[in-house]
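one predicted model, sequence on top.
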2 protein chains.
Amino acid sequence: MSDLYYFNENISSKNLSFQDIKELDIQDPLADQAKKFDLPEGLIYLDGNSLGAMPKGVPDYFNKEIRDGWRTGLIKSWNGKGWHNMPLTLGNRLAPMMGANAGEVLIVDSTSLNLFKTLVAALKMRSERSEVLSEKGNFPSDIHVVQGVLNNFFPETNLVLAGHTDEEIIAEINDNTAVVTLTHVNYKTGEIHDMERITRKAHEHGALIIWDLAHSLGALPVDLNSCNADFAIGCTYKYLNSGHGGPAYLFVAERHLKQASNTLTGWQGHANPFSFDINYEPAETIEKFRCGSPAILSYLALEKSLDIFETVNFLELRKKSQNLTQLFIELVDRKCSGFGLELYSPKDAQNRGSQVSFTHPNGWEIMQALIALDVIGDFRAPNIIRFGFTPLYTSYENVWRAVDILSNILHKEIWKDPAYSVRSLVT
Amino acid sequence: MSDLYYFNENISSKNLSFQDIKELDIQDPLADQAKKFDLPEGLIYLDGNSLGAMPKGVPDYFNKEIRDGWRTGLIKSWNGKGWHNMPLTLGNRLAPMMGANAGEVLIVDSTSLNLFKTLVAALKMRSERSEVLSEKGNFPSDIHVVQGVLNNFFPETNLVLAGHTDEEIIAEINDNTAVVTLTHVNYKTGEIHDMERITRKAHEHGALIIWDLAHSLGALPVDLNSCNADFAIGCTYKYLNSGHGGPAYLFVAERHLKQASNTLTGWQGHANPFSFDINYEPAETIEKFRCGSPAILSYLALEKSLDIFETVNFLELRKKSQNLTQLFIELVDRKCSGFGLELYSPKDAQNRGSQVSFTHPNGWEIMQALIALDVIGDFRAPNIIRFGFTPLYTSYENVWRAVDILSNILHKEIWKDPAYSVRSLVT
């Protein structure tokens, strides 16, 4: 049996037994990575696309850094531990994972704030144009940022929302398009946009493009510079395991660094913050996109996560990701058919990120039953159940067992227990 | 001897002996608070106005919360631990300390970003006017935010920079003033603005006011609503001890909550974030001023700090603060005269926050010598040495010993050691 069975046409999950699954785990070249994460015993965690698992050693690292850096180092740690420079130094560590160079990536603020910064920068670079293009199924916050920017500050510019396919998006790009802003992998469906092709089409019409990598970076290979991307943004608390609300990042292609300006001006983006000059003079580097003080205690876990990712071969990661999602889809098809689940993600693994979604009229209840039985995925309104497959710590056996539990919930109608219909704030 | 000697006119620090100082510490009603902070043995920390000391128990609390909330709770902790609501719930805990009501304070993002939000909101509420008033000596980042907002988004509106006194500021308020934005306590001099009076004058001319409380909240009583303030912002990592880059806060008076709009629109400010509605519809509450996901791991220490502050009588805090700064000034006068130190802070304790600054041509070198001898203050360009007195964990003996060490550095010219002339990035 091939260790990457999905790419071996002789093998289909339709024939696989549980013993075959165990064998896949044994042969998995990424199997050792799972040992670097600390997950509760018995839990099948298929929500790392929303909130990544904790790298082992994080609590001890916090303990050490807080004692050394805060309790003992106090104010001196801004210099002594390099904490003032962390947005850039960690950005430089993250850059190779997205095909960027040192000096093109900054880790700072939230994804939405970074979209504000890059969108306004891009609009000012295309001020003679009056359209921003996105797609209807983009993550709502990205669209909210565009709406806020246009309604408040660029009232002559319109938001155009295309359909979700690459073709529909490309059809809307024209010579009046100032900026295209898309999420590389859709948060609901897991559909991947062709970054190279859409970027090229945008450039053919003179538009700039901003890619949101929230659902791709850490889950599949990303190569911004080979695609000639202009800007990118994204978050680190999903596939990059930095903890709840960990800091976001932004990418500005080196060729734009001079012209792109940050309108969220604050002292940390000043060319010389500690001159305490009241006249704002932006840094010439990517650090111009800093604003206030960075929330250092939320950066610490990312250091531990980067230690792990710097050992990962992203081609292997991608292959395993495709194996996991394909296995899940085929096993659901084999074991759960006839209960109303409809695949909401692309059928072809080449077009799919590292997640699989299904629709079901009782999606909420089914997901609550899964969670109660220690299979954690999540729900997205109105009727989508979503499963993320994080190749570093999800095993083939996890997939097998998750489908068995889902099958049981459907066959035995466990989801009809009234306890599973109670709604909560965060889904 | 009075336990609050500064208010007893019969007693002056000019006569005090070291034994008297020890007696003051014994009589100090806040003395027990120092036991709640963990500072290195022997260190005299006079920089809590820049980066507050660590509350005891913070490393253990992180350890517990990260294990329970991240490792075990994973995605469920947004609900289960109330982490999604933390910007509001911690804001409600902080509100009474600034004379605000529950629902008027949100803990989120950085001070500069919160100034952006409140300034743009205020400008939109006074769109027929064309001046923003601040003062030349305001913290540079606050002025950078105003410059960015006006240059980029309100090009018809001008920034007017007044002199630093209340009179000079009030003289510049006129019927064309849209917004006055000031820092309550000046970061360099420690001078306090009269919040009630300036707010009243601004309102008499129909202007709105934004107070930056970075150097006052946690160090002295603040009563926004009794002053009828419109907006406020500030940071928690100074006097509020939340750790490096801890989250900032913003206050919006309840009467403005309906009209004030947040232009940094993101999903967490949506009326119903988990409906995943692409059309931005702001929350009706203060939560409309959220944007992206909150950096939860940087909120945790603030919980421990609030546990402490909720036991503090702010009138006692203020009295001790005035005692400490007055003692420092008088002891420097007694023991360090003739070496070129000039008081840069108000002489009258009533007009002074919880810090004392001096100018000296070799301020940088003197401060580096102090730091090397375990007295930590800081330096602000071009020639200011700055000492913060945090009444919860600074003792009278700390003040006495700090002045002795400063005196020694000056008398023995220790600061002339070339090691003390090396400059560092963060000052």
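Perfect, I can see it now.

for chain B, what is the nearest residue in the stretch 151-300 of chain A?
Per CB to the nearest CB, residue A:292 is where the stretch 151-300 of chain A lies closest to chain B, at 2.6 Å. C-beta: built from backbone N, CA, C; applies to glycine.

let me fix that: the stretch 101-250 of chain A
Nearest residue of the stretch 101-250 of chain A to chain B (CB to the nearest CB) works out as residue A:110 at 2.6 Å.

and for that residue, the neighbour number?
Taking other CB atoms under 10 Å in any protein chain shown as the criterion, the count of residues near residue A:110 is 27.

which residues are in contact with it?
Listed by CB atoms under 8 Å, 6 or more residues apart in numbering or on different chains, the contact set of residue A:110 reads A:235, A:245, A:247, A:248, B:109, B:266, B:291, B:292, B:293, B:295.

what about these, which are in helices?
By the criterion of DSSP state H, membership of these in helices covers no residue at all.

reformat those residues as a markdown table; add distance to residue A:128.
Written out in a markdown table, the entries for these read as follows (distance: CB to CB, whole Å):
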| residue | distance to residue A:128 |
| --- | --- |
| A:235 | 32 |
| A:245 | 38 |
| A:247 | 34 |
| A:248 | 30 |
| B:109 | 32 |
| B:266 | 28 |
| B:291 | 29 |
| B:292 | 30 |
| B:293 | 35 |
| B:295 | 38 |
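
can you tell me which of these comes closest to residue B:301?
residue B:295 (12.0 Å; CB to CB).

my guess is that closest one contacts residue B:248. True?
No - with the criterion set as CB atoms under 8 Å, residue B:295 and residue B:248 do not qualify as a contacting pair; they are 11.0 Å apart.

so which of these two has more stuff around it?
Neighbour comparison, residue B:295 and residue B:248: the larger count goes to residue B:295, with 28 against 25 (by other CB under 10 Å).

SS state for residue A:196?
In terms of secondary structure, residue A:196 is helix; the call rests on DSSP: H, G, I helix; E, B strand; the rest coil.

equivalent analysis for residue A:324, please.
Classification of residue A:324 by three-state DSSP places it in helix.

any idea of the pLDDT on it?
According to the per-residue confidence, residue A:324 scores 96 in pLDDT.

could you find the closest non-adjacent residue to it?
Spatial nearest neighbour of residue A:324, chain neighbours left out: residue A:389 (4.0 Å); criterion: CB to CB, 6 or more residues apart in numbering or on different chains.

any stretches of chain A with poor pLDDT?
Per-residue confidence for chain A (pLDDT under 70) gives these ranges: A:1-14.

can we see that at 50?
Scanning chain A for pLDDT under 50 picks out the ranges A:1-5, A:7-8, A:10-11.

how distant is the longest strand anywhere in it from the center of its chain?
Secondary structure of chain A per DSSP state E: the longest strand is strand A:177-183. Centroid separation between strand A:177-183 and its chain, computed with CA atoms, centre = their mean, to the nearest Å, is 18 Å.

show me what it is packed against.
If you count contacts as 3 or more CB pairs under 8 Å, 6 or more residues apart in numbering or on different chains; DSSP states H and E, strand A:177-183 packs onto helix A:111-125, strand A:131-135, helix A:140-153, helix A:195-204, strand A:208-212.

could you say what helices and strands the first one packs with?
Same thing as helix A:111-125. helix A:140-153, strand A:177-183, strand A:208-212, strand A:231-234, strand A:249-252.

follow-up on the earlier one: tell me how far the residue of the stretch 101-250 of chain A closest to chain B lies from residue A:427.
19 Å (CB to CB, to the nearest Å).

what of residue A:56?
Going from residue A:56 to residue A:427 by CB to CB gives 28 Å.

quick one: neighbours of the residue nearest to residue A:324, just the number.
Per other CB under 10 Å, the neighbour tally for residue A:389 reads 27.

do the same with residue A:40
13.

cool, the one 4 residues further on as well?
Residues lying near residue A:44 (other CB under 10 Å) number 22.

then residue A:414?
Neighbour count for residue A:414, taken as other CB under 10 Å: 17.

now the one 3 residues further on
Using other CB under 10 Å as the criterion, residue A:417 is surrounded by 13 other residues.

what does residue A:421 give?
The criterion is other CB under 10 Å. On that basis, residue A:421 has 12 neighbouring residues.

and residue A:373, by the same measure?
Using other CB under 10 Å: residue A:373 sits among 15 other residues.

list the contacts for it?
Neighbouring residues of residue A:373 by CB under 8 Å, 6+ apart: A:405, A:409, A:414.

pull up the distance across stretch A:292-310, start to finish.
Using CA to CA, to the nearest Å, the end-to-end distance of stretch A:292-310 comes out at 29 Å.

now stretch A:25-42 - C-alpha only, CSV.
The C-alpha coordinates for stretch A:25-42 follow below in CSV (Å, rounded to 0.1, in the frame of the first residue of the first chain):
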residue,chain,number,x,y,z
ASP,A,25,-0.8,6.1,10.2
ILE,A,26,2.3,4.0,10.6
GLN,A,27,3.5,5.0,7.2
ASP,A,28,2.6,8.7,7.6
PRO,A,29,5.8,10.7,7.2
LEU,A,30,4.2,13.5,9.4
ALA,A,31,3.1,11.1,12.1
ASP,A,32,5.8,12.4,14.5
GLN,A,33,4.5,15.9,14.3
ALA,A,34,1.4,15.0,16.3
LYS,A,35,3.6,14.4,19.3
LYS,A,36,4.4,18.1,19.3
PHE,A,37,0.8,19.0,20.1
ASP,A,38,-1.0,18.5,23.4
LEU,A,39,-4.6,17.4,22.8
PRO,A,40,-6.9,15.8,25.4
GLU,A,41,-6.9,12.0,25.4
GLY,A,42,-9.7,10.6,23.3
